[in-house]
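Enquirer: can't give you the sequence, but here's the structure:
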């Protein structure tokens, strides 16, 4: 009798456990629809990318805020219909209706790998043609992780890359393709919202990589090239720099009676140069911290000011060979270095700037 009761209790416990396991869990992801039937694998998904706007480029954070339009097109014969019966050759849905339509059909599940924030705005539209061709268009306004190269600032061009993959389907199931129409559709707006930036061109390439399960996948990389309007940076960057480093010219050319002790003036210029570098970094983030040409010039400026002061001290106070025997030697050396040292520094700065332009 006790054994029978124990069996009944065990059966009740097993029934409750199975019942709890069969209940749907909150937040569980819906099972994706199976691959379309009646199509050859891998399924070709045509893709086109448009950059509608670039509203922010943060160099130090490596981020860009963009509005992206992603168009995907594939064939699903199971969705074909007779246009003579329906009276139209295409079914269009937008917004929530489009999202509901997509939830009941197979999609490539394309994701933008380097999207780092939830989309501020997102709009979706779906078109199903009579032959079963499905076109999905998504407009996404979000922040993306990008690589920023400041080595040519302020004459730089940046490639803002979007990386798109289908994590659910390997290359033997889904591949991305582009034809001439897709490439013609892919573009970037010239007039963007980001201050002092201009959109130039958009290029799209496909590459193969291996996922965590060692299966090959296809990645789409859309590279949007933007150009900085360097004309707006020349005066704020280079005029203050030249004004501070011009102290060296006064040290070499002015009389002692005119400027007095030269050491305090030089160290004041060094402090001004340090303050100028902080101003550059706060006004143009990344201009100093990311090894830009202006950062190289500021570093050379410290050396230049100290070198001029030391040269002047040596000529005046040091007992170098021939100073007593040839009294005219110091004026001759000073006349030479007055032109040579500033000219060499100017040529180095110009070469750094021109190297950034090329």
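Expert: Cool, the structure landed. None of the values given here were measured: they were computed from a predicted structure.
Enquirer: quick one, grab the pLDDT at residue 208.
Expert: Per-residue confidence (pLDDT) for residue 208: 90.
Enquirer: scratch that, residue 12 is what I was asking about
Expert: Residue 12 is given a pLDDT of 41.
Enquirer: quick one: the helices in the stretch 251-358 of the chain?
Expert: Using DSSP state H, counting those that start in this stretch, the helices of the stretch 251-358 of the chain run over 256-259, 262-283, 293-317, 329-357.
Enquirer: of all those, which lies closest to residue 134?
Expert: helix 329-357 (47.1 Å; CB to CB). Just so you know, the C-beta spots here come from the backbone N, C-alpha and C atoms, and that holds for glycine as well.
Enquirer: the closest one: how far from the chain's middle?
Expert: Put simply, helix 329-357 sits 37 Å off its chain's centre (CA atoms, centre = their mean, to the nearest Å).
Enquirer: residue ranges with poor pLDDT in the stretch 151-300 of the chain?
Expert: 256-260 (pLDDT under 70).
Enquirer: returning to that earlier point: out of the helices of the stretch 251-358 of the chain, which is the most enclosed?
Expert: Scoring those by mean neighbour count under mean count of other CB atoms under 10 Å gives helix 293-317 as the most buried, with a mean of 17.
Enquirer: quick one: contacts of that one?
Expert: Where contact means CB atoms under 8 Å, 6 or more residues apart in numbering, the residues beyond helix 293-317 that reach it are 151-155, 237-238, 241, 244-245, 247-248, 251-252, 262-263, 266, 269-270, 273, 276-277, 280, 287-289, 320, 330, 333-334, 337, 341, 345, 348-349, 352-353, 355-356.
Enquirer: helices of the stretch 1-150 of the chain, start to end?
Expert: Under DSSP H, counting those that start in this stretch, the stretch 1-150 of the chain gives helices at 2-22, 83-86, 96-103.
Enquirer: what is the rounded mean pLDDT of the last one?
Expert: Looking back up the chat, that one is helix 96-103. 87.
Enquirer: tell me the phi and psi of residue 88?
Expert: phi -150, psi 160 (degrees, to the nearest 10).
Enquirer: count the residues that sit near it.
Expert: 9 (other CB atoms under 10 Å).
Enquirer: give me the pLDDT for it.
Expert: 80.
Enquirer: if I look at it, how far off is residue 82?
Expert: Computed as CB to CB, to the nearest Å, the residue 88 to residue 82 distance reads 11 Å.
Enquirer: again with residue 144
Expert: From residue 144 to residue 82 the distance is 43 Å (CB to CB).
Enquirer: if you count surrounding residues, which of those two has more?
Expert: residue 144 (21 against 9).
Enquirer: in this structure the more buried one contacts residue 112, no?
Expert: Yes - with contact defined as CB atoms under 8 Å, residue 144 counts as touching residue 112 (7.1 Å).
Enquirer: who touches both of the two?
Expert: residue 162.
Enquirer: name the residues that touch stretch 159-167?
Expert: Contacts for stretch 159-167 (CB under 8 Å, 6+ apart): 45, 47, 49, 51, 54, 57, 64, 66, 68, 70, 108-114, 144, 146-147, 174, 176, 211, 217-226.
Enquirer: let me see the contact set for the residue nearest the centre of the chain.
Expert: With distances taken as CA atoms, centre = their mean, residue 146 lies nearest the centre of the chain, 2.7 Å away. Residue 146 makes contacts with 57, 62-64, 114, 158-161, as judged by CB under 8 Å, 6+ apart.
Enquirer: just the buried ones from those residues?
Expert: Buried members of the contacts of residue 146, counted by 16 or more other CB atoms under 10 Å: 57, 63-64, 114, 158-161.
Enquirer: could those go into JSON lines alongside distance to residue 129?
Expert: As requested, the buried ones among the contacts of residue 146 are exported to JSON lines (distance: CB to CB, whole Å):
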{"residue": "57", "distance to residue 129": "38"}
{"residue": "63", "distance to residue 129": "38"}
{"residue": "64", "distance to residue 129": "35"}
{"residue": "114", "distance to residue 129": "32"}
{"residue": "158", "distance to residue 129": "38"}
{"residue": "159", "distance to residue 129": "35"}
{"residue": "160", "distance to residue 129": "33"}
{"residue": "161", "distance to residue 129": "32"}
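Enquirer: quick revisit: between the contacts of residue 146, which is closest to residue 194?
Expert: The closest of the contacts of residue 146, once distances to residue 194 are taken by CB to CB, is residue 57, at 5.3 Å.
Enquirer: just give me the neighbour total for the nearest residue to residue 128 once chain neighbours are set aside.
Expert: Using CB to CB, 6 or more residues apart in numbering and skipping residues adjacent in sequence, the residue nearest residue 128 is residue 91, 4.7 Å away. Neighbour count for residue 91, taken as other CB under 10 Å: 15.
Enquirer: likewise the one 3 residues further on?
Expert: Burial of residue 94 is recorded as 14 neighbouring residues (other CB under 10 Å).
Enquirer: bridging residues for it?
Expert: residue 125 (DSSP bridges).
Enquirer: residues contacting it?
Expert: Here residue 94 is in contact with 123-126 (CB under 8 Å, 6+ apart).
Enquirer: I'd like the residues you listed written out as TSV, with distance to residue 102, neighbour count and pLDDT added.
Expert: Listed next are the contacts of residue 94 as TSV, based on distance: CB to CB, whole Å; neighbours: other CB atoms under 10 Å; pLDDT from 0 to 100:
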residue	distance to residue 102	neighbour count	pLDDT
123	13	14	93
124	7	18	93
125	10	17	93
126	6	21	93
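Enquirer: right, I'll leave it there.
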